[in-house]
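S.K.: what's the 3D shape of this:
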Amino acid sequence: MSRLRAAWDRLWFSPAPTETLGLVRLFVGLTLVMKFTGVWGMHRGWGALKPRLPFHDGLQHGPFRLPVPGFDWLPPMTAASQRSWDALALVLAVLLTVGLGTRVVSAALALLLLYALLESQFNYLHHVNVYVWVVCIFAISPVGEHYSLDAALRRLWARARGRTPRTTVHPILYQRMLQVFLSVLYLTTTIGKLTPDWFDGSIFGALAQGGFLKGPFKATLLGLFPPMFMAWWTLFAEGLLSVGLWHPRSRRVTAWCGVALHLGIDAMMNVTTFSYLMISLYLSFAAPATGQTSLSVDPSRPLARGLGLLVRGLDWAQRLRVEAAPGPMRVRSPEGEVLVGVHALGRVIGLLPLTFMAGLWVDLGLGLLRRLRPAAPAG
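M.R.: Down below sits the predicted model:
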């Protein structure tokens, strides 16, 4: 029983850095800004890059109103109040992204989104419900301790008073809540799709006939992938995402399955920023603690020295600790894995904010090569 209790405590209450929470908040905030400016939807082609302000987000108002039972006391949404709702939602999304008053802003944003869901059942949108849960977790979590104006202002205040900025240790509980929520979400959606129309692929025919599949990529994707393949790929990817993100060895492959799945959905369906939100939540499984991954470069080699300077400039999340050491370039991960040469370069590309999408593919390919031909042993 004592071992079980200790394992439970390690799972939920072991100390953990909060950089991960800061990254999740930053990217989720960006998806909210995209949502409330109308800049989303690969199915719209280049039109996805054109802001649509004010963006009304499909909320319903008018004589037909169906409040959620028990919430008919909420004031009804009108054309004027919807404009105010849109403006306030965008302001709160921007504040959440830059990290100013993060907990208060998260709570206010949760209440604002919850009002839209409860005011009328016509307003129910699955991805808005997901946002409500996520920002509720933000409201009770230290999501503003990194990559935020809150953190910058605390540092300035401490320096002005001649003090060292305080470092607070938090349990991993907050990160675990996001991880468990994401896994349960994928598990339940997978179970909900275990129906005959998904097994035989007819669901995609129904979606096409109903006009739910659209955009310039629709014909190409439907031509490349038969409906049964897409249905089974969806079942496989969502089932894998419910468990595969938890294990470090399967995490990268699982994340890329999720990215491919959601970009495919966004290319053919109007799901607003749902795909981007789900991909952003994968970061809850990242371990971006400052300096836990080391990069060793030889200062006597101009190319290696230049790479070190480039990494220092592009590593905005400060995940890499650049060190001078003779010999080939090496990367040592927090788990103790040592990569050398081109394998190390692939890992670096996957850790930098500007290149991590391409880097995941590079690192995945190099990982397969390492299994066929292991990298040189560490010295």
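S.K.: now what about the helix or strand containing residue 189, what contacts it?
M.R.: Applying DSSP states H and E as the criterion places residue 189 in helix 173-192. Applying C-beta atoms under 8 Å, 6 or more residues apart in numbering, the external contacts of helix 173-192 come out as 11-13, 16, 18, 20-21, 24, 130, 133-134, 137, 140-143, 235, 238-239, 241-243, 245-246, 278, 281-282, 284-285. Where you see a C-beta, it was placed from the backbone N, CA and C, and this is true even at glycine.
S.K.: try it again at 7 Å.
M.R.: Contacting residues not belonging to helix 173-192 are listed as 11-13, 16, 20-21, 24, 130, 133, 137, 141-142, 235, 238-239, 241-243, 281, 284-285 [C-beta atoms under 7 Å, 6 or more residues apart in numbering].
S.K.: may I see the ChimeraX selection of the buried members of those?
M.R.: The following ChimeraX line selects those of the contacts of helix 173-192 that are buried, judged by 16 or more other C-beta atoms under 10 Å:
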select :16,20,21,24,130,137,141,142,235,238,239,241,242,281,284,285
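S.K.: could you pull out the helices in the stretch 151-300 of the chain for me?
M.R.: Here the stretch 151-300 of the chain has its helices, by DSSP state H, counting those that start in this stretch, at 173-192, 196-199, 202-209, 218-224, 227-241, 248-268, 274-281.
S.K.: for residue 300, which of those helices is the nearest?
M.R.: Set against residue 300 and scored by C-beta to C-beta, those come closest in helix 248-268, at 32.9 Å.
S.K.: what is the neighbour count of residue 78?
M.R.: The tally of other residues near residue 78 (other C-beta atoms under 10 Å) stands at 12.
S.K.: closest to residue 75 out of the helices of the stretch 151-300 of the chain?
M.R.: Of these, the one closest to residue 75 (C-beta to C-beta) turns out to be helix 274-281, at 27.7 Å.
S.K.: and that closest one, what does it pack against?
M.R.: helix 19-37, helix 126-139, helix 248-268 (3 or more C-beta pairs under 7 Å, 6 or more residues apart in numbering; DSSP states H and E).
S.K.: with only the CA atoms kept, save that helix in CSV.
M.R.: C-alpha atoms of helix 274-281 as CSV (Å, rounded to 0.1, in the frame of the first residue of the first chain):
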residue,chain,number,x,y,z
PHE,A,274,-10.4,23.1,-33.0
SER,A,275,-7.5,21.4,-34.8
TYR,A,276,-5.1,24.1,-33.7
LEU,A,277,-6.3,23.9,-30.1
MET,A,278,-5.8,20.1,-30.0
ILE,A,279,-2.3,20.3,-31.4
SER,A,280,-1.5,23.0,-28.9
LEU,A,281,-2.6,20.7,-26.0
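S.K.: need the contact partners of that helix.
M.R.: Helix 274-281 has contacts (C-beta under 7 Å, 6+ apart) with 24, 27-28, 31, 34, 40, 127, 130-131, 178, 182, 258-259, 262-263, 265-266.
S.K.: just the buried residues of these.
M.R.: The neighbour count (16+ other C-beta under 10 Å) marks 24, 27-28, 31, 34, 40, 127, 130-131, 178, 182, 258-259, 262, 265-266 as buried among these.
S.K.: next, residue 67: phi, psi?
M.R.: phi -60, psi 150 (degrees, to the nearest 10).
S.K.: spatially central residue for this structure, please.
M.R.: Using C-alpha atoms, centre = their mean, the residue of the chain that lies closest to the mean C-alpha position is residue 280, 1.0 Å off.
S.K.: roughly how far does that residue sit from residue 274?
M.R.: Plainly put, residue 280 is 11 Å away from residue 274 if you go by C-beta to C-beta, to the nearest Å.
S.K.: and the helices of the stretch 151-300 of the chain as JSON lines, adding distance to residue 299 and mean pLDDT?
M.R.: Output for these, formatted as JSON lines (distance: least, C-beta to C-beta, whole Å; pLDDT from 0 to 100):
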{"stretch": "helix 173-192", "distance to residue 299": "36", "mean pLDDT": "96"}
{"stretch": "helix 196-199", "distance to residue 299": "57", "mean pLDDT": "95"}
{"stretch": "helix 202-209", "distance to residue 299": "56", "mean pLDDT": "90"}
{"stretch": "helix 218-224", "distance to residue 299": "48", "mean pLDDT": "89"}
{"stretch": "helix 227-241", "distance to residue 299": "42", "mean pLDDT": "96"}
{"stretch": "helix 248-268", "distance to residue 299": "31", "mean pLDDT": "90"}
{"stretch": "helix 274-281", "distance to residue 299": "37", "mean pLDDT": "95"}
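S.K.: how about the residue sitting furthest away from the middle of the chain: what's its closest non-neighbour residue?
M.R.: In the chain, residue 300 marks the outermost C-alpha relative to the chain mean, sitting 39.0 Å out by C-alpha atoms, centre = their mean. Among residues not flanking residue 300 along the chain, residue 326 sits closest, at 7.2 Å (C-beta to C-beta, 6 or more residues apart in numbering).
S.K.: what of residue 243?
M.R.: residue 183 (7.0 Å).
S.K.: what's the helix or strand for residue 146?
M.R.: Residue 146 belongs to no helix or strand, assigned by DSSP H and E.
S.K.: look up the pLDDT of it for me, please.
M.R.: Residue 146 is assigned 87 on the pLDDT scale.
S.K.: what of residue 101?
M.R.: Looking at residue 101, its pLDDT reads 95.
S.K.: contact partners for it?
M.R.: Applying C-beta under 7 Å, 6+ apart, we find residue 101 in contact with 95, 150.
S.K.: distance check, it against residue 328.
M.R.: Distance from residue 101 to residue 328, by C-beta to C-beta: 47 Å.
S.K.: still on that earlier bit, same list, the helices of the stretch 151-300 of the chain, but as a markdown table with distance to residue 158 please.
M.R.: Formatted as a markdown table, the helices of the stretch 151-300 of the chain follow (distance: least, C-beta to C-beta, whole Å):
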| stretch | distance to residue 158 |
| --- | --- |
| helix 173-192 | 23 |
| helix 196-199 | 55 |
| helix 202-209 | 55 |
| helix 218-224 | 53 |
| helix 227-241 | 41 |
| helix 248-268 | 35 |
| helix 274-281 | 30 |
